[in-house]
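Chemist: I would like the atomic coordinates for the input below:
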Amino acid sequence: MIKYQVFFIEFILLLLLRAADDFPSDSSTTVYLTMNSFKSGEIETSGDEDWFKISLSSGSFSATLNGNGDPQVYVRGPAPSTSTVASNDDCEGCGLSSRADFTITSSGTYFIIATQLGSGTGTYQIKIGGYVCPTDCGMSCKI
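Modeler: Here you go, the predicted model:
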């Protein structure tokens, strides 16, 4: 009997470790993105969202999300608001990668969110930078 109890406990611990989220899934996140630097992560389960903070001054920016599956990127804020500023799924000419181009007029802390379409999961790289006409994505400059 004890042998089965030990196996069950080990199994539950393994499940808990595998389901552990790498980044917070809401505005309480304390993980900051750095301008023009990539951060890697994983959408571990269906419906998971990884939230990052970044302090932005007024200007035009691009949030890019590349990865496995069908990644989607959202920009929300400024804090404490979580209103959607921009979002994208499948940027034109980039396959399933996502790129949200946006302009802000209010300086503050914004949230950049990585997620997957539907019940998808997978690894990704996310980056935010100054807006540059995306010649590699075949999109027209609209900002």
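Chemist: any idea how far Tyr32 lies from Leu56?
Modeler: Separation of Tyr32 from Leu56 (C-beta to C-beta, to the nearest Å) stands at 11 Å. Heads up, the C-betas are built off the backbone N, CA and C, glycines and all.
Chemist: no wait, Asn68
Modeler: From Asn68 to Leu56 the distance is 28 Å (C-beta to C-beta).
Chemist: same deal with Thr103?
Modeler: Distance of Thr103 to Leu56, given as C-beta to C-beta: 10 Å.
Chemist: neighbour-wise, which of those two wins?
Modeler: Leu56 (20 against 12; other C-beta atoms under 10 Å).
Chemist: Ser106 is in contact with that one, correct?
Modeler: No - with contacts counted by C-beta atoms under 8 Å, Leu56 stays clear of Ser106, the gap being 9.0 Å.
Chemist: What segments of this structure are helices?
Modeler: Here the chain has its helices, by DSSP state H, at 2-18.
Chemist: Any regions of it where pLDDT drops low?
Modeler: The chain contains residues with pLDDT under 70 at 1-20, 92-94, 131-143.
Chemist: Quick check, central residue of it?
Modeler: Centroid-nearest residue in the chain: Ala114, 1.6 Å away (criterion: C-alpha atoms, centre = their mean).
Chemist: which ones are touching the nearest residue to that residue once chain neighbours are set aside?
Modeler: Using C-beta to C-beta, 6 or more residues apart in numbering and skipping the chain neighbours, the partner closest in space to Ala114 is Asp50 (4.5 Å). Going by C-beta atoms under 8 Å, 6 or more residues apart in numbering, Asp50 touches Asp21, Asp22, Phe23, Pro24, Ser25, Gly41, Glu42, Ile43, Ile113, Ala114, Thr115, Ile126.
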